[in-house]
Each structure stands twice: as structure tokens, then as C-alpha cells.
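1. can you look at this prediction? I've put the sequence above it.
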Amino acid sequence: MVQPLTRPPRKNPILRTRLPTLPPPGRSRAALGLTAAAAEGRFALQTCRDCGCVQYPPREACQQCLSERLPWRDQPGGGELLAQTNLAHSNDLFFRERLPWRLGLVHLDCGPPVVAHLHADCGGAGARVRVGARLDRAGQAVLIAFPEQDTPDMADDIQLREFTCDPRFRKVLVTDGKTAAGQAIVAALVAAGADLIWVGHSEPWKRFAGFDALERTPQVALLPLDLTDAKSVREISAEIGGRVDIVVNNAEVHRPYGISTRPGTEAARAEMDVNYFGLLRLAQELAPVMRARGADGQSSATAWVNVLSIYALANFPPHGTFSASKAAALSLSQCLRAEMRPAGIRVVNVFPGPVDDEWNQLTPPPKLAPAALARAVVEALRDGVEDVYPGDVAQEWLARWRDNPKALERELAAPGG
Ligand SMILES: [Zn+2]
């Protein structure tokens, strides 16, 4: 059984900080389908459209009939552990620092045998396991075999934690505690065992609804943070930057306007100033400090979450300028992801549909409850996924966008949404 994680000891400031290393990145182009699914927490394998063969590892053609029609299909992942081994030696720097490392050969019920990283709670040869795909620190899909039934503290497995960004015993910055969504995210992080949560509020002279509850929470430290002010961002980076393990950037400005429903550019600028430039300011200050701590022991810097919007994929004209600011933030977030990857720090993009808040009062249901958004953020960290689309609306629009981006654009532009 995995021993529950204990609070890591204070870091000895004299010891050098270990530089981040990455697992081997080389994969074939055919394997990108596995990575694309794993980025969303799914386990998919190539399934031959002609003979039905499920194959692994990914290839350009079916191993049985040489067909090139190989769509990716989600797999349940059940299987039998055939053999296991403990690696005691590796020529690869990443694994050498983490030995011993447990690997297993699993015969999947859907057909192929796979080599997988083995969770500590999996039994020996002959045991039933369930295989899932996760992203490693280099952003590539790997397979992990889990015990068939959940076990207590299974998230604390040290091997598994190399693939996830579990908030347990980690220090988190949540950029805006003023909103219901921000407060729900803080509560979810507390429940997930975060060690310390800094919560930004842009107008420290104002007490907002929920302020007292935040102030009473022992894990919470409120701090003034205004993403539109470079000096404010620099100050918090100097104060806490060296200790932040996870950033949750949920600060946003949202005004329900299109182009012709409001004259001038003032509201659109306010949105851009927080949703896009705010992310840029924060990333310029915090990202370099976090990158240096990408391999800093049990609780290293591990993730950066951006709460975007499903409107980042296609413009929703009644909220047109907001959509544009989120599209800009998505593009910048992809840049941040590329820059954080060498340090093994994951950038997670969250694409909620309309959240049940004051700016969506006129949006018809279903709307995403702030608590559901918060759950999605914490689950994404625990599962180590990159892209999350919480809620029915986001899921439906994602499916349509995948099917045909033009169709979604048209549909969102139709009168009445
Ligand atoms: Zn085939």
C-alpha cells in the first residue's frame, strides 16, 4: 500500500536546487493521437476500421491488414499484469534520479500487450489492472497501470506524482479571490490538501462578499494583486515567487458586449488588460522563477492553470469582445506552455462554458456552477491533464468544434445564441 504523503521538510537553503531533467521525448508522429487524448485525460488506441484490430504501439498502418484507416478510439484499459520488474539502472538522467522504477507488461482485454509504468498498489503477475494514459513531464503520453480498484492514498504514489500536479502539500497562488468561482477554487484546493494558498484581490481597501470566510481559512493568505499593474505583479513575484508551486490564474474581466452594442473601446480594453495583458505580466514575472524550481524535490513547482472560456475557440457575438480577449489569452497560454515544458511544468487550460455568475445573468441555462469549475481545476491537476472542458455546454461545443469549426462559428452567431 502507498504510504500517505507527509509534509515535506523545510528546504535547506544551502543545498543546490536540482535542475529539471525531462524523460526522453522521442515519439513517432503516429503516437501524437495517444498524446492528444492523454492531454484530456482519455486513453485512446488506434482501432482498424477494416479489420477491427486494436493496436499498440501506434503505427502508420494496421499490423494485421496494413489498412491506413486507423481512427483513435477510447479504451476501457482493463487488463492482466503478465510480468513486472523494478528498474535499478537507467542511462537516462531523468529516470536515474528517480530509481528504482517499477514497470510492468500488461495484456489489455482489448487486444495488445503494453509496457506501462506500474503503480505501487498493483499486485504481482496475474493481477487485474486498469491502464490509463497520462502526460509525462516532457508532455508526451505514457501508459500507467493502476490497481483495478482504487486504494487509499493512491494519488500519493511517488512514481505517479511524477506525472501529476496534485495540489497536496503544495503552495498555490489563486489570482482572484473576489469572485464566487475564485472562492470555490480556494475551497477545493483546501479540500485537496494544499499547504498554503495565496489569494489575490485587486482592491485591498474593499471588503468583498466572502472576504471574512477566506480570512478565517488557516491555509489562506490574502494579498493585494492587480494584474493590470506591472508594479503590483512584480511585488508579489518578489515576495512569494520563489515558493509558488501552482498558479491558478482565474482573474478576468467580463462584459457582455459585442461590437455594435457599445461605443468606444474602453470595456474591450479593460477585458484585454486583465484577460490577456494580465496573463502576460504575471507570466513574465513568475514563470522564470517557477522554471528554476521545476525539479525542487517532492513539492516542486509543477503547474500553471489558466481559466479561459469555451468562447476562446469560437466567438460568441453577444459577448464578442470578451471572446476575443480569451482567444488572445489562449494563444499566449500556448506560448507559455512551450516555455514551461523544458522545466517539466504543465500549463493547464480550462475552457468552461458560461459560468453561473453576474455577467451571465441573461444567458439561458445550463450554466456551470462555480463549485463545478473548481472541481474541474483540481481534478485536472490531480490527473495531470492539459486541456479541460468542464460542463455540458463546453463539452457540446467542443464536440461541434471538433466536428466542424465553421459550423460552431455559425451556430454561435445565430440570433439568440
Ligand atoms: Zn486492420
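-> Thanks, I have the structure now.

2. how far away is the closest residue to residue 315 other than its chain neighbours from residue 65?
-> Closest residue to residue 315 apart from its sequence neighbours, by CB to CB, 6 or more residues apart in numbering: residue 323 at 4.3 Å. Heads up, the C-betas are built off the backbone N, CA and C, glycines and all. Distance of residue 323 to residue 65, computed by CB to CB, to the nearest Å: 45 Å.

3. share the number of residues neighbouring the residue lying closest to residue 409 once chain neighbours are set aside, please.
-> Counting by CB to CB, 6+ apart, residue 409 lies nearest to residue 314, which is 4.9 Å off, once chain neighbours are set aside. Here the number of neighbours of residue 314 (other CB atoms under 10 Å) works out to 20.

4. try residue 153
-> Neighbours of residue 153 (other CB under 10 Å): 13.

5. swap in the one 10 residues further on?
-> Residue 163 sits with 22 neighbouring residues when counted by other CB under 10 Å.

6. show me what contacts the residue nearest to it when sequence neighbours are not counted?
-> Spatial nearest neighbour of residue 163, excluding adjacent residues (CB to CB, 6+ apart): residue 134 at 4.3 Å. Applying CB atoms under 8 Å, 6 or more residues apart in numbering to residue 134 gives the contacts 38, 141-142, 144, 163-164, 383-384.

7. tell me the SS of residue 134?
-> What DSSP: H, G, I helix; E, B strand; the rest coil gives for residue 134 is strand.

8. state the pLDDT value of it.
-> Looking at residue 134, its pLDDT is 92.

9. where does the residue of the stretch 101-250 of the chain found nearest the ion fall, phi/psi-wise?
-> Nearest to the ion, among the residues of the stretch 101-250 of the chain, is residue 111, at 11.3 Å (CB to the ion). Main-chain torsions, residue 111, degrees, to the nearest 10: phi 140, psi -80.

10. if you count what's nearby, which of residue 323 and residue 65 comes out ahead?
-> residue 323 (22 against 12).

11. element containing residue 374?
-> Residue 374 is part of helix 370-383 when elements are defined by DSSP states H and E.

12. and the residue nearest to residue 163, bridged to which residues?
-> Residue 134 has the following beta-bridge partners by DSSP bridges: residue 142.

13. distance of it relative to residue 155?
-> Using CB to CB, residue 134 is found at 12 Å from residue 155.

14. which residues do those two both contact?
-> What both residue 134 and residue 155 touch, as defined by CB under 8 Å, 6+ apart, is the set residue 164.

15. out of everything not next to it in sequence, what's closest to the residue nearest the centre of the chain?
-> In the chain, the centroid-proximal residue (CA atoms, centre = their mean) is residue 348; its distance is 3.2 Å. Once flanking residues are discounted, residue 348 sits nearest to residue 305: 4.5 Å by CB to CB, 6+ apart.

16. OK, contacts around the residue lying closest to residue 53 once chain neighbours are set aside?
-> Once flanking residues are discounted, residue 53 sits nearest to residue 64: 4.5 Å by CB to CB, 6+ apart. Counting by CB under 8 Å, 6+ apart, residue 64 touches 48, 51, 53, 55.

17. would you pull up the residue in the stretch 201-350 of the chain closest to the ion?
-> In the stretch 201-350 of the chain, the residue that lies nearest the ion is residue 313 (33.4 Å; CB to the ion).

18. residue ranges with poor pLDDT in this structure?
-> 13, 16, 298, 415-417 (pLDDT under 70).

19. SS state for the residue in the stretch 301-417 of the chain that the ion sits nearest to?
-> Using CB to the ion, the single residue of the stretch 301-417 of the chain nearest to the ion is residue 402, 24.3 Å away. Using three-state DSSP, the structure places residue 402 in helix.

20. what about it, neighbour count?
-> Close neighbours of residue 402, defined as other CB under 10 Å, add up to 10.

21. what do you get for residue 173?
-> Neighbourhood size, residue 173 [other CB under 10 Å]: 26.

22. hang on, the earlier thing: what sits against the residue nearest to residue 409?
-> Shown in contact with residue 314 (CB under 8 Å, 6+ apart): 323, 397, 401, 405, 408-409, 412.

23. one more: residue 226?
-> Contacts were defined as CB under 8 Å, 6+ apart; by that measure residue 226 touches 202-203, 232-233.

24. biggest strand in this structure, by residue count?
-> Taking DSSP state E as the criterion, the chain has its longest strand at strand 78-87.

25. the residue nearest to residue 63 when sequence neighbours are not counted bridge partners, please.
-> Nearest non-adjacent residue to residue 63, counting by CB to CB, 6+ apart: residue 55, 5.2 Å away. Counting by DSSP bridges, residue 55 is bridged to residue 46.

26. wouldn't residue 55 be in contact with residue 111 here?
-> Yes - counting by CB atoms under 8 Å, residue 55 touches residue 111, with 7.4 Å between them.

27. OK, contacts around the residue in the chain sticking out farthest from the centre?
-> Ranked by distance from the centre of the chain (CA atoms, centre = their mean), the top residue is residue 65, with 37.6 Å. Residue 65 sits next to 48, 50-51, 53 when contact means CB under 8 Å, 6+ apart.

28. how close does it sit to the ion?
-> According to CB to the ion, to the nearest Å, residue 65 stands 3 Å off from the ion.

29. and that residue, backbone torsions?
-> Residue 65 adopts backbone torsions of phi -120, psi 0, taken as degrees, to the nearest 10.

30. re earlier: got TSV for the contacts of residue 65, with distance to the ion too?
-> Formatted as TSV, the contacts of residue 65 follow (distance: CB to the ion, whole Å):
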residue	distance to the ion
48	3
50	5
51	3
53	5
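
31. narrow these to just the buried residues.
-> Among these, those classed as buried by 16 or more other CB atoms under 10 Å are 48, 53.

32. show me where the stretch 151-300 of the chain has strands.
-> Here the stretch 151-300 of the chain has its strands, by DSSP state E, counting those that start in this stretch, at 171-174, 196-201, 220-224, 246-249.

33. each with direction, which strands does the first one pair with?
-> So that's strand 171-174. The pairing partners recorded for strand 171-174 under DSSP bridges are strand 196-201 (parallel), strand 246-249 (parallel).

34. for those, which one ends up most surrounded?
-> Ranked by mean neighbour count, these are led by strand 246-249 with a mean of 27 (mean count of other CB atoms under 10 Å).
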